[in-house]
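Asks: Below are the sequence and a predicted model for it; my questions follow.
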Amino acid sequence: MERNSFLSDIQTLRQRARQHIEQGAVTAGYSADRETVIRLLNEALATEIICTLRYKRHYFMASGIHAESVAQEFAQHAAEEQAHADQIAERIVQLGGAPDFSPEGLATRSHAEYVEGKDLKDMIKEDLVAERVAIDSYREMIAYLGDHDSTSRRLMEEILAKEEEHADDLVTLLQGMETGH
Ligand SMILES: [Fe+2]
Ligand SMILES: [Fe+2]
């Protein structure tokens with residue numbers, strides 16, 4: 001039986017896999033610009049770290065009549081952003097890069113901003129803005145990754161879906177505050 005012509009023949013695949021084995025998951029068939037992907041992932045990593053820090057700050061500063069449920073939401077989001085940061089760092093290492101955890105320039109590398117917020121409502125609003133920044137920048141990254149690096153793309157798609165959930169949670173909280181529930 002002949003293999004489909006759009007697939008590499010088995011001998012070629014086996015031979016290629018033996019070359020540069022020190023590159024681990026990065027094989028000859030990896031068609032993305034690795035350096036660019038690592039840089040973009042490091043920017044996403046910075047975004048996730050900034051978002052973790054901001055949600056942590058908001059969690060500890062939340063006070064007022066609506067505070068308890070909102071604080072719990074902040075804590076949950078902080079934990080989820082932390083998990084995203086870990087997943088992204090892991091992928092950077094798989095690609096042969098180094099995850100940038102340096103506090104130096106962190107806020108500049110991040111797409112989303114660290115805004116403390118003056119009251120509970122303001123905190124929720126700033127978190128919502130940050131989520132919306134992340135949603136748009138991750139969407140662009142996903143489009144760029146396309147079929148060139150489907151693993152990184154799937155990871156970012158998974159994270160994007162979670163950021164959309166976060167934005168939705170925050171809108172609901174904001175509406176709840178406005179109607180006084
Ligand atoms: Fe996140
Ligand atoms: Fe988020």
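Replies: Sure, I can see it. Ligands and ions are numbered 1, 2, ... in the order given.
Asks: Every contact and neighbour count from this point should use C-alpha atoms.
Replies: OK.
Asks: Which pLDDT value belongs to the nearest residue to Phe101 once chain neighbours are set aside?
Replies: Spatial nearest neighbour of Phe101, chain neighbours left out: Ala46 (7.5 Å); criterion: Cα to Cα, 6 or more residues apart in numbering. pLDDT recorded at Ala46 is 97.
Asks: What of Val70?
Replies: Taking Val70 on its own, its pLDDT is 95.
Asks: re the thing from before, what about the residue nearest to Phe101, distance to Ala28?
Replies: Separation of Ala46 from Ala28 (Cα to Cα, to the nearest Å): 29 Å.
Asks: Between these two, tell me which one has more neighbours.
Replies: More neighbours surround Ala46 than the other of Ala46 and Ala28, with 27 against 12 (other Cα atoms under 10 Å).
Asks: Can you name every helix or strand that the host helix or strand of the more buried one contacts?
Replies: Counting by DSSP states H and E, the element that carries Ala46 is helix 34-61. If you count contacts as 3 or more Cα pairs under 8 Å, 6 or more residues apart in numbering; DSSP states H and E, helix 34-61 packs onto helix 67-94, helix 106-109, helix 120-145.
Asks: In CSV, list those along with distance to Ala32 and mean neighbour count.
Replies: Formatted as CSV, the helices and strands packed on helix 34-61 follow (distance: least, Cα to Cα, whole Å; neighbours: other Cα atoms under 10 Å):
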stretch, distance to Ala32, mean neighbour count
helix 67-94, 13, 19
helix 106-109, 21, 16
helix 120-145, 7, 19
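Asks: tell me which residues in stretch 21-41 are buried?
Replies: 26-27, 34, 37-41 (16 or more other Cα atoms under 10 Å).
Asks: circling back: do I have it right that the residue nearest to Phe101 meets Ala107?
Replies: Yes: with contact defined as Cα atoms under 8 Å, Ala46 reaches Ala107; the gap is 7.2 Å.
Asks: in stretch 149-167, what counts as buried?
Replies: 149, 152-153, 156-157, 159-160, 162-164, 166-167.
Asks: Give me the contact list for it.
Replies: 30-32, 77, 84, 87-88, 91, 128, 131-132, 134-135, 138-139, 141-142, 145-146 (Cα atoms under 8 Å, 6 or more residues apart in numbering).
Asks: Give me the pLDDT for the residue lying closest to Val115 once chain neighbours are set aside.
Replies: Spatial nearest neighbour of Val115, chain neighbours left out: Glu126 (6.5 Å); criterion: Cα to Cα, 6+ apart. As predicted, Glu126 sits at a pLDDT of 96.
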